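S.K.: Sequence and predicted structure, then a few things I'm wondering about:
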Amino acid sequence: MPSTIVNLKVNGAAREFLTRPGTTMLDALRDSLSLTAAKKGCAQGTCGTCTVLLDGKTVFSCLVLVETISGASVETLEGLAVGDTLHPLQQTFIDLFATQCGFCSSGMIMAAKGLLARNVNPSRDDVVRAISGNVCRCTGYESIIDAILAAAARMTKSASSRKRAAE
Amino acid sequence: MLRAIDVPQSTAEALASLARARDAHLIGGGTLVMPRVQAGTSGIGALVSLSKLKLDRITVKGDKVTIGAATTLAAIGAERALAFLHPAIESVGSPTLRNLATIGGNLFTEQPYGDIAVCLLALDAAATVVGKRGVRKIPVAEILKQGIGRDTIVTAISFNKPEKGTWFYRKAMRRAANSASIVTIAAHLPLKKGRIAGARVALGGCGEKPIRASQAEVAFEGEKRDADSVAKAGALLAKDAKPFTDAYASAWYRGRVLPVHFRRAILGE
């Protein structure tokens, strides 16, 4: 069972590590890179707690073999905050009480990030669909949907004020 | 327990890799294979990945469509020339799942999953396969019925795009998004001089694999596409459908609602 070397760009930084055959991206993130925001819920691609961005697209990291993605770029929740400043999605999840036990939050926020990357002004229905692969057993989803919509509005507002400042 | 993961760069390498071990298995997006592997009871010892075989191209020339087997459902969902398939694509799993799940993999799942396979059956799609006997083109219907040899790889799916207004799709689910099928209906009902000619109706949730509703197809032939012909064809669905009981619905319920969803699918109710 020879191990192989895998190279990934994780949250903007080049990372290299040894991995045993059949290691999922989720296990590699957690065990080799100590990035534990992505959680192992079902390990079946059903619960969404392991959601990360792979080359800009949301995926369930428990279904991806890390040996098959060498060279790829991965974003996890750990890469969102800039220093002590939280990403708008993280801030609105706190402000609008969109997190209770917190187990789903990392996956929810990454699924939302994937949505906002391709749709800066999503409708409520767009948000519902974007997080339809993510299970939350605490909140009843409404506060999560509200938080994602609020983050989208904040991001659009700050983008337009930056544009005004530049003009 | 997995011994080895192969990431071949060519189909020849992939075939050689499959032939090396009896317990080797292909993996595309991983949404079907990985849950089995993670459950620990799959008996799979080696995985051969399709990820570097460049099987992810979509080509649309006129009405001829060819889709690489490892094309994700998300990529098909983003292809404007395949807009007729988008409602079906969006009825499968979640956007996150569709970023991984492939069209080729959809042929190898069991109902109540595999809605795209239901569509491909109604489209009379063909699969390009490579194996010991070289490259062959076989009907998707044959793969759904018999599977393919274990040393064979599906590399592409091809079909003719249906003319506007001749394609119908509906999936009954437990909730609006990310749910398996209660029943799925896909139908291609082309018209010749205002009469149905060459009807193909495929059903999900009505057998282990997608099936054709042959009796309903016969009933449609030469009829106008209207409430009468849909009622007649709908009454014959039960002749071919073998609905089953699972956590989503009982066989009784599936059979009961099938003609209703069939009517809604085709008449757009």
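M.R.: Nice, thanks for sending it over.

S.K.: All the strands of chain A, residue numbers only.
M.R.: Applying DSSP state E to chain A gives strands spanning A:4-10, A:13-19, A:51-54, A:57-60, A:73-75.

S.K.: So which of those is nearest B:Val257?
M.R.: Checking the strands of chain A against B:Val257 by CB to CB gives strand A:57-60 as the closest, at 30.8 Å. Where C-beta positions appear, they are placed from N, C-alpha and C, glycine not excepted.

S.K.: closest to chain B out of the strands of chain A?
M.R.: In terms of CB to the nearest CB, the element of the strands of chain A nearest to chain B is strand A:57-60, at 4.4 Å.

S.K.: Check the offset of the closest one from the chain's centre.
M.R.: 8 Å (CA atoms, centre = their mean, to the nearest Å).

S.K.: Scan chain A for its longest helix.
M.R.: helix A:142-166 (DSSP state H).

S.K.: Help me see whether the helix or strand bottoming out on mean pLDDT in chain A makes contact with chain B, please.
M.R.: Between all helices and strands in chain A, the lowest mean by mean pLDDT, DSSP states H and E belongs to helix A:142-166, at a mean of 92. No. Helix A:142-166 lies out of reach of chain B by CB under 8 Å from any CB of the partner chain, never closer than 12.8 Å.

S.K.: What helices and strands are in contact with that helix?
M.R.: With contacts defined as 3 or more CB pairs under 8 Å, 6 or more residues apart in numbering or on different chains; DSSP states H and E, the packing partners of helix A:142-166 are helix A:88-95, helix A:105-118, helix A:124-130.

S.K.: the domain parsing of the chain - what is it?
M.R.: I went with chain A, as the question did not name one. A:4-76, A:88-166 (automatic domain parsing).

S.K.: Hmm, no, I was thinking of chain B.
M.R.: Domain assignment for chain B by automatic domain parsing gives B:4-48, B:58-160, B:167-267.

S.K.: Can I get these in TSV including mean pLDDT and mean neighbour count?
M.R.: Formatted as TSV, these follow (pLDDT from 0 to 100; neighbours: other CB atoms under 10 Å in any protein chain shown):
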stretch	mean pLDDT	mean neighbour count
domain B:4-48	95	18
domain B:58-160	97	20
domain B:167-267	98	19
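
S.K.: Can you tell me which of the ones you listed is nearest to chain A?
M.R.: Minimum separation from chain A across the domains of chain B (CB to the nearest CB) falls at domain B:58-160, 2.7 Å.

S.K.: Spit out the contact partners of residue 27.
M.R.: Defaulting to chain A. A:40, A:66 (CB atoms under 8 Å, 6 or more residues apart in numbering or on different chains).

S.K.: look at chain B instead
M.R.: Contacts of B:Ile27 by CB under 8 Å, 6+ apart are A:65, A:68, B:33-34, B:47-50.

S.K.: Show residues contacting the helix ranked longest in chain B.
M.R.: If you go by DSSP H, chain B has its longest helix at helix B:251-267. Contacts to helix B:251-267, defined as CB under 8 Å, 6+ apart, come from residues B:168-170, B:172, B:182-183, B:185, B:187, B:189, B:203, B:205-206, B:216, B:225, B:227, B:230-231, B:233-235, B:237-238, B:241, B:243-245, B:269.

S.K.: ok, now with 7 Å
M.R.: By CB atoms under 7 Å, 6 or more residues apart in numbering or on different chains, the residues outside helix B:251-267 that reach it are B:168-170, B:172, B:182-183, B:185, B:187, B:205-206, B:227, B:230, B:234-235, B:237-238, B:241, B:243-245, B:269.

S.K.: Residue nearest the middle of the chain, spatially speaking?
M.R.: Just going to use chain A. For chain A, A:Met110 is the residue whose C-alpha lies nearest the centre (CA atoms, centre = their mean; 2.2 Å).

S.K.: ah, no, chain B please
M.R.: Chain B, centroid-nearest residue using CA atoms, centre = their mean: B:Ala117 at 0.9 Å.

S.K.: and the host helix or strand of that one, what does it pack onto?
M.R.: Using DSSP states H and E, the element containing B:Ala117 is helix B:115-122. In terms of contacts (3 or more CB pairs under 7 Å, 6 or more residues apart in numbering or on different chains; DSSP states H and E), helix B:115-122 is packed against helix B:86-90, helix B:140-146, strand B:181-188, strand B:200-204.

S.K.: That helix vs strand B:181-188, what angle?
M.R.: 30 degrees (axes from the mean of the first three to the mean of the last three CA atoms, to 10 degrees).
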